[in-house]
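[1] using only what follows, build the 3D model:
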Amino acid sequence: MVTEVQYGGRITDNLDRELFNDYGNRWINEQCLTPNYCFDHTVTEFNYHIPDYLEHQRFVEYISKMPGNDTPTIFGLHANADLTFRLKESLEMINVLVDTQPKEASGGGGLSRED
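    Okay, here's the model as predicted:
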């Protein structure tokens, strides 16, 4: 229900829908309800599991220890996915910077934008 109905209207690409369904199958299943279930044993930076606490403060402490940036492996992706993402993000930032440069200069000398 979560992957098909809840977010179905926001995902328009079929490949994105398949990927989201795979994430749903991986992260939302009956095994998650077993005690000490770990989402991925291959990730060594952080132990992703559903804590078995009764106190709110302990949940907050666990959440505060989570990494700010997750590795692609926790989502079942190759480690190069992070490199690809960062490269694409950098190129987009450079394109925005180039697009915001003045299109015409008032002076006649000097180099053009392309140079």
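[2] tell me where the chain has helices.
    For the chain, applying DSSP state H gives helices covering 14-27, 56-64, 80-99.
[3] surely Phe39 meets Trp27?
    Yes: Phe39 is in contact with Trp27 according to CB atoms under 8 Å; the separation is 6.7 Å. C-beta here means a position set from N, CA and C on the backbone, and glycine is covered the same way.
[4] from Tyr37, how far off is the residue nearest the centre of the chain?
    The C-alpha lying nearest the average C-alpha coordinate of the chain belongs to Asp70 (CA atoms, centre = their mean; 7.2 Å). Distance of Asp70 to Tyr37, given as CB to CB, to the nearest Å: 18 Å.
[5] likewise for Ile11?
    For Ile11 relative to Tyr37 (CB to CB), the value is 27 Å.
[6] again, but for Pro51
    11 Å.
[7] the helix or strand of the chain with the lowest mean pLDDT: which residues count as buried?
    The helix or strand of the chain with the poorest confidence is helix 14-27; it has a mean of 83 (mean pLDDT, DSSP states H and E). Within helix 14-27, the residues that count as buried by 16 or more other CB atoms under 10 Å are 19-20, 24, 27.
[8] for the nearest residue to Asn36 once chain neighbours are set aside, list each beta-bridge partner.
    With sequence-adjacent residues excluded and distances taken as CB to CB, 6 or more residues apart in numbering, Asn36 is closest to His49, at 6.6 Å. Under the criterion DSSP bridges, His49 forms beta bridges with Cys38.
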